[in-house]
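Enquirer: Could you look at this predicted model? Sequence included:
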Amino acid sequence: MSGTCIIGLQWGDEAKGKLVDLLTKQVDVVVRYQGGANAGHTVVVGDQVYKLHHIPSGIINENVLNIVAAGVVIHPATILKEIQSLVDRGFRLEDRLILSDRAHVVMPWHIIEDQLWNSAISGEKNIGTTLRGIGPCYRDKVGRSYAVRLGDLVRPNFAERIREIAAAKLPLLESMAQGISVELNADAMVAEFTAYAEQLRPYIADTTRMLLDIVEQDKKLLFEGAQGSLLDIDHGTFPFVTSSNSSGVGVSAGSGVAFKWIDKMIGVAKSYSTRVGGGPFPTELDNEIGEKIRQKGKEFGTTTGRPRRCGWFDAVAVRYTRRLGGIDKLALMMLDVLSGHPELKICVAYELDGKRIDYFPGDADELKRAIPIYETLPGWHEEITTAREITDLPANAIRYLLRIEELVGCPIEFISVGPDRAQTITSVSLTDCVSTPVGS
Ligand code: IMP
């Protein structure tokens, strides 16, 4: 078998879904292995726009098997909506979508808990979660006693288990709610989840065993990461992170497929930076340039609709996540969004407490104090959405890309210049086609 993995190198929303969709033509199986309905992957094919939260973007290619593996947390109502919207558009999903019986279920109490925490903590300490119950669900997974896995939904004692957990959760939530009434109606939940179980039953299987069989066959696998490496629970900008290993290190844990089977890691980054929710963001542009990028890049969350914070490309951060993920090749997305700026800046180092540093601080407070040191490059005015070859790009765009390659320490293989599949330059080799010296 051969395995390729696609990893976001920033704070999520790097347009990974588009790349997965592009690469599915060459693979047999696409695997999603962490995160949940906090993710929003948009795939544009002609005039069709697909918004997916759990289901791998490979579903749009009829010949591909799509696996939602053990490390994902599933919100049944949301995944059923995704399934329905694909079925309504004529997709055949039987035998093409498999959900792990080990994946954990986001239950109503998880969403209530996420909301309660979010409203209890205000100001700079607020993580600004997507309110999809992700953290509380992973917390119960690690805590074990109150966890519900997808396989549990289709087991005979499920109703009893729901009642037992709901009875234990209610006083906990009430104590957090401080007077606000919390409703957990066990009968209603049993009825609701029994209906979900019946609809999901055909898709549930032991994906770990299935994947262990697949890796011993002559198959091509693509692993689709959700969120971005800087949101990784262990290696990201903690505590302003998500609750799973969203960097390259999460692939094996979430899927059950050992690293030795993965031969190519593709890191996806935007040509600038964005972040949704709270937390330090050294290159943030809280000004008209940031607003211009937000409007041109339509930088509003797929899942929550929140405006994304926008900023210059941070090469220190992406060099760090490139190393963390063992990235072989870069995909640089949304280059078209940068057309129309007289100059562009790239963060090449930080100043921390008066000293220049070239590493990404592991502590959120240090990162908050880090002042970006920029290199300025000339911008370009031409619109580049019709570029299909590297030679269609303005010289200054190529300079910008070359400098990113150099600073991040990894060759760029894909460049995206618009949301459609066709708006992509593939098999890029920047050094071959340019003799122009890099600007400073
Ligand atoms: P949670 O994953 O909902 O707990 O949110 C934790 C942090 O991760 C928040 O700052 C979210 O905005 C951010 N986050 C979670 N999922 C995504 C995503 O798919 N794209 C970008 N940010 C995300």
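Expert: Thanks, I have it.
Enquirer: List the residues that contact the closest residue to residue 301 other than its chain neighbours.
Expert: Leaving aside its chain neighbours, residue 301 sits nearest to residue 276 (5.3 Å; criterion: Cβ to Cβ, 6 or more residues apart in numbering). The C-beta positions use only the backbone N, C-alpha and C, and glycine is treated the same way. Contact partners of residue 276, counting by Cβ atoms under 8 Å, 6 or more residues apart in numbering, are 11, 12, 13, 128, 301, 304, 306, 308, 309.
Enquirer: nearest to the ligand, of those residues?
Expert: Within the contacts of residue 276, proximity to the ligand (Cβ to the nearest ligand atom) peaks at residue 12, which comes in at 2.7 Å.
Enquirer: neighbours of the residue in the stretch 201-350 of the chain positioned nearest to the ligand, just the number please.
Expert: Per Cβ to the nearest ligand atom, the residue of the stretch 201-350 of the chain with the smallest distance to the ligand is residue 277, at 2.4 Å. Residues lying near residue 277 (other Cβ atoms under 10 Å) number 21.
Enquirer: show me what contacts it?
Expert: Taking Cβ under 8 Å, 6+ apart as the test, what residue 277 contacts is 127, 128, 129, 130, 240, 306.
Enquirer: quick one: the closest residue to residue 419 other than its chain neighbours from the ligand, how far?
Expert: Excluding its sequence neighbours, the residue lying closest to residue 419 (Cβ to Cβ, 6+ apart) is residue 44, at 4.4 Å. Distance, residue 44 to the ligand, by Cβ to the nearest ligand atom, to the nearest Å: 17 Å.
Enquirer: part of a strand, is residue 44?
Expert: Yes - using DSSP: H, G, I helix; E, B strand; the rest coil, the assignment for residue 44 is a strand.
Enquirer: Who is it paired with across the strands?
Expert: residue 49, residue 420 (DSSP bridges).
Enquirer: in the stretch 251-400 of the chain, which segments are predicted with low confidence?
Expert: Residue ranges of the stretch 251-400 of the chain with pLDDT under 70: none are present.
Enquirer: these two touch, right, residue 405 and residue 412?
Expert: Yes - in this structure residue 405 lies within contact range of residue 412 using Cβ atoms under 8 Å: 5.5 Å.
Enquirer: Give me the common contacts of the two.
Expert: What both residue 405 and residue 412 touch, as defined by Cβ under 8 Å, 6+ apart, is the set 330, 430.
Enquirer: in the sheet, who's paired with residue 416?
Expert: residue 424.
Enquirer: Make a ChimeraX selection of whichever of the contacts of residue 276 turn out to be buried.
Expert: In ChimeraX, this line selects whichever of those come out buried by 16 or more other Cβ atoms under 10 Å:
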select :11,12,13,301,304,308,309
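Enquirer: what packs against the strand ranked longest in the chain?
Expert: The longest strand of the chain (DSSP state E) is strand 343-352. Where contact means 3 or more Cβ pairs under 8 Å, 6 or more residues apart in numbering; DSSP states H and E, strand 343-352 is packed against strand 313-314, helix 315-324, strand 355-357, strand 371-378, helix 395-408.
Enquirer: Can you give the contact residues for the shortest one?
Expert: Around strand 313-314, the neighbours that count as contacts under Cβ under 8 Å, 6+ apart are 10, 269-273, 282-283, 344-347, 372, 404.
Enquirer: returning to that earlier point: let's see the pLDDT reported for the residue nearest to residue 419.
Expert: Note on residue 44: pLDDT of 78.
Enquirer: hang on, the earlier thing: which one of the helices and strands packed on strand 343-352 is the most hemmed in?
Expert: strand 313-314 (a mean of 28; mean count of other Cβ atoms under 10 Å).
Enquirer: List the neighbouring strands of that strand plus their orientation.
Expert: strand 343-352 (parallel).
Enquirer: so the residue of the stretch 201-350 of the chain closest to the ligand is in which element?
Expert: Using DSSP states H and E, residue 277 sits within no helix or strand.
Enquirer: The ligand contacts on the stretch 1-150 of the chain?
Expert: 11-13, 38-40, 127-130, 132, 134-135 (Cβ under 6 Å from any ligand atom).
Enquirer: And those, which two are furthest apart?
Expert: Checked with Cβ to Cβ, these reach their widest spread between 13 and 135, with 18.7 Å between them.
Enquirer: Would you list the phi and psi of the closest residue to residue 250 other than its chain neighbours?
Expert: Leaving aside its sequence neighbours, residue 250 sits nearest to residue 34 (Cβ to Cβ, 6+ apart; 4.9 Å). Dihedral pair for residue 34: phi -150, psi 170, per degrees, to the nearest 10.
Enquirer: and the gap between residue 34 and residue 167?
Expert: For residue 34, the distance to residue 167 equals 30 Å [Cβ to Cβ, to the nearest Å].
Enquirer: Compare neighbour counts for these two and give me the winner.
Expert: The residue with more neighbours, out of residue 34 and residue 167, is residue 34; 29 against 11, by other Cβ under 10 Å.
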